[in-house]
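In: I would like to see how this sequence folds:
(2 chains)
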Amino acid sequence: MAIRRLKRRPEFLQVASSGQKAATPGLVLQARARADADPLRVGFTASRKVGGAVVRNRAKRRLRAAAEAVLGPKGLRAHDYVLIARAETVRRPFQLLLSDLDRALERVGRGGEGR
RNA sequence: UCAGACGGCUGGACGGCCGCGCGGCGCCUUCGGGCGCCGGGAGGAAAGUCCGGGCUCCACGGGAAUACGGUGCCGGGUAACACCCGGCGGGGGCGACCCCAGGGAAAGUGCCACAGAAAACAGACCGCCGGCGCAUGCGCCGGCAAGGGUGAAACGGGGCGGUAAGAGCGCACCGCGGGUCCGGCAACGGUCCCGGCACGGCAAACCCCACCGGGAGCAAGACCGAAUAGGGGCGGCCGCCCAGGGUCGAAAGACCGCUGGGAGGCGCAUUCCCGCGCCGCCGCCCGGGUUGGUCGCGCGAGGCGUCCGGCGACGGACGUCCCAGAUGAAUGGUCGUCCCCCGCCCAUUGGCGGGGACAGAACCCGGCUUACAGGUCGUCUGACCCC
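Out: Model (predicted):
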């Protein structure tokens, strides 16, 4: 299934300022509930701190693959998620990266309004 | 076999599962799109953005001079270059080869740290030689610049003669300068003759000479498209000088940018000469397009192969292929097997763990520069061994 992407800078800023946040060794997750009932949306961020262009692209691709696997079945409708890459994102074994995202999603969901 | 020089190629392989974006075809569609099949989807540097072009828009009238920037041995290659090839000159290496910003220093200005006596019209610290005086090694006077010392560099080099000691003072050689002739398209090289040391170095110091050069860049630019500003048209108001015209007036004159010209200001890199364009305020209408979308946007100085010309860079002919096109930015994620490297354990097989370089297209080409684990091929050089 195709997940809608966040693309505009204002959309990212909105999630960062008004959403919730959970940090794990492999990634940082930000989440925000929207008023409408549209499907969930997701965005990816990898700053210069992570590495050069090659490393940042690879980090985004791994986060995208993890989002397909975890957010697809478990993500909430009408939510915006932003996954932020860290230095570990590229080196972390993939199974651990998946469980990182799983736990982060749980922690964020507990604080929010739920389904 | 070892050591080395130069040039080229390559940049992990295979498979399973799950994906991304592009194109084509087919089907479906609520016209937003969806599904299926097929095809192709990162680099040698895609990097730095340092040169040269294509392309696009802007500026674009001519001449002279100036300024600014760049290039700098010669010949060739090329669309072009600061690139490449072949030479020349200088330097390094036993050699294969490598390195050089390599025009002009008798046009002028300037600089040459430290050290050293002295750093550029020469001069004399230690010294050398002669004379005089005496307390025989010092003082004074004169001659000298070969020797020592300093330095990146010391007013030709070292040799013979010569001399009190010395000095191109004399001689031959080398260097330097001028000329003749020969070879070469040329840079330049060589022969012979003459001169008799005059002309230190630095031009990546200013400078001089020769040649070249509009500006900005795909966020260029075009189209579709709410609002604002600028632009065009109409109406009104204001404005320096001259001429024409118009209105009012009997006239004097007054008024009117309606027409032409001038002055002034601004622009065309600067200056000069000629030349060209534009010219303030308010209202209404037309129109205008930031974000967004579409195009630009990949058939090209194109790749590969064969043959021909050329020492080579490269050129030509024929055949053949179509080969990324994203825009919060696709070209992948993951697992397994194998390959290579490293560490540890057993140390024969083997086992465990870790690692696999530099790096990601953004309009496109030609170069340069920088980064890079490893593998591989070819040519050549020097040593040693064998025949």
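In: quick one: mean pLDDT for stretch A:35-46?
Out: If you average the pLDDT over stretch A:35-46, you get 79.
In: near RNA strand B, which residues of chain A show up?
Out: Applying CB under 7 Å from any atom of the strand, we find that chain A lies next to RNA strand B at A:2, A:5-9, A:12, A:43-45, A:52-54, A:57-58, A:60-62, A:65, A:68, A:91, A:93-95. For the C-beta atoms, the positions are set from N, CA and C on the backbone; glycine is no exception.
In: restricted to helices, list those.
Out: In this view, these that belong to helices under DSSP state H are A:9, A:12, A:53-54, A:57-58, A:60-62, A:65, A:68, A:94-95.
In: among those, who's most crowded?
Out: Highest neighbour count within these, by other CB atoms under 10 Å: A:Arg62, with 21 neighbours.
In: what's the spacing between it and A:Phe94?
Out: 7 Å (CB to CB, to the nearest Å).
In: ditto for A:Gly51
Out: 18 Å.
In: swap in A:Val108?
Out: 21 Å.
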